[in-house]
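J.: my questions are about this predicted structure, shown below with the sequence.
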Amino acid sequence: MSDSALVLAQMSEIAHELATQPACWSRAAEVATAHAPALPEPGERVAIVGCGTSLFMAQAAAVLRERQGRGTTDAFAASEFPAGRAYDRVVAISRSGTTTEVVRLLEAVRGTTRSVAMIGVADTPVAELADAVVLLDFADERSVVQTRFATTALAVLRSHAGEDLAPAIADAKRALAEPLPVEPDGFEQFVCLGRGWTVGLANEAALKMREASNSWAESYPAMEYRHGPVSVADANTLVWTLGDVGTDVVRDVERTGATVVVGPLDPMAELVRIQRTAVARAEARGLDPDHPRHLTRSVVLS
């Protein structure tokens, strides 16, 4: 076996999957074009739903769509979708296509609201219930912890909204090639901050640190971090920003003694750097980042 093949064989599933994100995002524009009739049209009132990681991608996509003037867009945990509120279209993000809350939501809106499912696996309950399906099976994953499926779903929605993904793809390659900006095992608390559409990405970044490395990790809208949570920051805290959060916030956090990483990349690519950090921390602690305790690939309730 060659050295490169040996390294690949020893690599965790999540490490391999997060490294393939630039290639997956490159396919996103094609997917967005091919499925354009199923995706939200300008002016529509849209709800984007998901659970866990998928919810955080929904949060990011919803803010982006509204910021681009394409119509009112809300994001909800599938279990918290407001019954009776009118939408033109519901976009459900579900890697497995089996998540109970998403299935129940699609059952509830069937026949009254157009729905599209963005899924990683065909022939699943979510696929059967949705009016249209955007299949991202090339981005499906073996690791319990999501990386490339979620960001690819967001990349499709960004492309559908008219964004050029080339800069984000270039930044993702940089995020994979360059050394990590910090030694991940040198901190006790991790905080991820965002503003606007990157709040959802900050939520996802903190979740990756919790899931993959069993770490104390939190996330906040950047301006809200100073309204209480900053009180526990100290030299053992790493604060990582996704997108521009303002120099005042960074300055105030640095005064606590915390280490601040100001993410210079496209926020979706910056998330890739944090995914790498979570995996590196898990490995340093002797943990299996593919199979976190208490978690399964999909939450299916009785």
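T.: That came in fine, so what should we check first? Residues are numbered from 1 along each chain as shown.

J.: quick one: Arg89 and Gln68, what's the gap?
T.: To Gln68, Arg89 is 16 Å away according to CB to CB, to the nearest Å. Placement of C-beta: from N, CA and C, glycine included.

J.: more neighbours: which of those two?
T.: Taking other CB atoms under 10 Å, Arg89 and Gln68 do not tie; Arg89 has more neighbours (22 against 15).

J.: show me what the more buried one is bridged to.
T.: Val46, Arg114 (DSSP bridges).

J.: so what's it up against?
T.: When contacts are counted by CB atoms under 8 Å, 6 or more residues apart in numbering, Arg89 touches Pro40, Glu41, Glu44, Arg45, Val46, Ala47, Thr113, Arg114, Ser115, Val116.

J.: again, 7 Å this time
T.: Counting by CB atoms under 7 Å, 6 or more residues apart in numbering, Arg89 touches Pro40, Glu44, Val46, Thr113, Arg114, Val116.

J.: list the buried residues of the lengthiest helix in the chain.
T.: Counting by DSSP state H, the longest helix found in the chain is helix 267-284. Using 16 or more other CB atoms under 10 Å as the test for burial, helix 267-284 gives 267-283.

J.: likewise stretch 151-171?
T.: Buried-residue list, stretch 151-171, by 16+ other CB under 10 Å: 151-161, 163, 165, 168-169, 171.

J.: in the residues you listed, find the pair that's most separated.
T.: Spatial extent of the buried residues of stretch 151-171 (CB to CB) is set by the pair His160 and Asp171 at 19.9 Å.

J.: may I have the helix or strand hosting Ala15 exported as PDB, CA atoms only?
T.: According to DSSP states H and E, Ala15 maps onto helix 13-19. Provided in PDB are the C-alpha atoms of helix 13-19 (Å, rounded to 0.1, in the frame of the first residue of the first chain):
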ATOM      1  CA  GLU A  13     -14.700   9.300   7.800                       C
ATOM      2  CA  ILE A  14     -15.400  12.900   8.800                       C
ATOM      3  CA  ALA A  15     -11.900  14.000   7.900                       C
ATOM      4  CA  HIS A  16     -12.300  12.500   4.500                       C
ATOM      5  CA  GLU A  17     -15.800  13.900   4.000                       C
ATOM      6  CA  LEU A  18     -15.000  17.500   5.100                       C
ATOM      7  CA  ALA A  19     -12.000  17.400   2.700                       C
END
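
J.: show me what it is packed up against.
T.: The helices and strands touching helix 13-19, judged by 3 or more CB pairs under 7 Å, 6 or more residues apart in numbering; DSSP states H and E, are helix 267-284.

J.: and the helix it packs on, what does it pack against?
T.: When contacts are defined as 3+ CB pairs under 7 Å, 6+ apart, helix 267-284 packs onto helix 13-19, helix 148-160, helix 166-177, helix 198-213, strand 237-242.

J.: now it: how far from the chain's centre is it?
T.: Centroid displacement of helix 267-284 relative to its chain, using CA atoms, centre = their mean, to the nearest Å, is 12 Å.

J.: identify the residues contacting that helix?
T.: Outside helix 267-284, the residues within contact range by CB under 7 Å, 6+ apart are 12, 14-15, 18, 21, 147, 151, 154, 168, 171-172, 175-176, 180, 184-185, 192, 198, 201, 204-205, 208-209, 212-213, 215, 240, 242-243, 263, 289.

J.: show the buried residues in the residues you listed.
T.: 12, 14-15, 18, 21, 147, 151, 154, 168, 171-172, 175-176, 184, 192, 198, 201, 204-205, 208-209, 212-213, 215, 240, 242-243, 263, 289.

J.: so where is this protein shaky, pLDDT-wise?
T.: Along the chain, segments meeting pLDDT under 70 span 1-10.

J.: which segments of it make up each domain?
T.: Per the record, the chain has its domains at 3-163, 173-284, by automatic domain parsing.

J.: and Ser231, how far is that from Glu41?
T.: According to CB to CB, Ser231 and Glu41 sit 45 Å apart.

J.: have a look at those two and say which one is more surrounded.
T.: Glu41 (13 against 9).

J.: my read is the more buried one is in a helix, agree?
T.: No: Glu41: not assigned to a helix; according to DSSP: H, G, I helix; E, B strand; the rest coil it is coil.

J.: torsion angles phi and psi at it?
T.: Main-chain torsions, Glu41, degrees, to the nearest 10: phi -90, psi 150.

J.: distance of it relative to Ser94?
T.: For Glu41 relative to Ser94 (CB to CB), the value is 22 Å.
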